[in-house]
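>>> build me a model:
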Amino acid sequence: MELQKLADEFSIDITVCHFPQGTSKWNKIEHRLFSYISKNWRGRPLVDMATVVNLIANTKTETGLTVRCVEDRNVYPTKIKVADKEFAKVNLEPDTFHGKWNYTIKAKTKNIK
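Numbering: from 1, shown residues only. Below you'll find the predicted structure:
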């Protein structure tokens, strides 16, 4: 619902792609990045959020990838229920490749310039 609002507000289509459940281990970015975070961590106690944020933010890879990390202190609502009637209003177009995991939310209006 919120992505549909964003798509409509900016008159853009938003494509969403998910890894299937349990396949995070195949995500090459995670493997390339998290191993460096683990090296940087070196088993030091993670005593507070500032320690975690600083640890991640000060991680660099051998190829020059640097990480930007900040604590998000915003409070977000959880357990939001969306009625089937409302969900049906989302202009969702499943992708031809695994449409349950990959789809585009089409803007309902397009700005014409």
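>>> C-alpha from now on. contacts and neighbour counts both.
OK.
>>> so what's the residue nearest to residue 104 when sequence neighbours are not counted up against?
Leaving aside its chain neighbours, residue 104 sits nearest to residue 15 (4.1 Å; criterion: CA to CA, 6 or more residues apart in numbering). Neighbouring residues of residue 15 by CA atoms under 8 Å, 6 or more residues apart in numbering: 102-105.
>>> residue 6 versus residue 15, what's the distance?
Taking CA to CA, to the nearest Å as the measure, residue 15 and residue 6 are separated by 12 Å.
>>> could you measure residue 4 against residue 106, distance?
Residue 4 sits 7 Å away from residue 106, taking CA to CA as the criterion.
>>> which is the next helix or strand following the lengthiest helix in the chain?
When the chain is parsed with DSSP state H, its longest helix is helix 28-41. Sequence-wise, the next helix or strand downstream of helix 28-41 (DSSP states H and E) is helix 49-57.
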